[in-house]
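S.K.: Starting from these lines, generate the structure:
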Amino acid sequence: QVQLAESGGGLVEAGGSLRLSCAASGRTFAAITMGWFRQAPGKEREFVAAIRWNSGIGYYSDSAKSRFVITRDTGNKTTDLQMNSLKPEDTAVYYCAAAPLYSTQFTSESTYKTWGQGTQVTVSS
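M.R.: Numbers count the residues shown, from 1 in each chain. Okay, here's the model as predicted:
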């Protein structure tokens, strides 16, 4: 059974940076795409970034583009999200997720079958 565990969340001032990490465990881990989503209080969960496991090609939401960078380490089975120039509106619980099958719908939650517990990111103004 595959499990995902996020780390690296915390409290940061606007303009600061945080690096989130998602560690996968389990013998049968096999992901085609890894994704990061976030959910702010009172809002629906939304796509932030995704990365194709084999190629390392990343995709970003409009709000993340130019500020966030997603990377993966295939040897350690980790997926990181470097977040720069953080804004108060980035405050949310951030989740990583794994998609076992190829899909062009990488922004959709339904593509992902395994989810982590989430890590809180709070950006103060």
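S.K.: burial of the closest residue in space to residue 1 that isn't next to it in sequence, as a residue count?
M.R.: Among residues not flanking residue 1 along the chain, residue 26 sits closest, at 5.4 Å (CB to CB, 6 or more residues apart in numbering). The C-beta positions use only the backbone N, C-alpha and C, and glycine is treated the same way. With neighbours defined by other CB atoms under 10 Å, the count for residue 26 comes to 12.
S.K.: and the residue nearest the centre of the chain, what pLDDT?
M.R.: Central residue of the chain (CA atoms, centre = their mean): residue 36, 2.1 Å from the mean position. We have a pLDDT of 98 for residue 36.
S.K.: For it, which non-adjacent residue is closest in space?
M.R.: Using CB to CB, 6+ apart, the nearest residue to residue 36 is residue 48, at 4.4 Å.
S.K.: Give me the pLDDT for the one you found.
M.R.: 98.
S.K.: hang on, it in a helix?
M.R.: No. Residue 48 is assigned strand when assessed by DSSP: H, G, I helix; E, B strand; the rest coil, not a helix.
S.K.: Would you confirm that it contacts residue 64?
M.R.: Yes. At 5.1 Å, residue 48 counts as touching residue 64 under the criterion of CB atoms under 8 Å.
S.K.: So what sits opposite the nearest residue to residue 52 once chain neighbours are set aside in the bridge?
M.R.: Using CB to CB, 6+ apart and skipping the chain neighbours, the partner closest in space to residue 52 is residue 33 (5.7 Å). Beta-bridge pairing for residue 33 (DSSP bridges): residue 52, residue 99.
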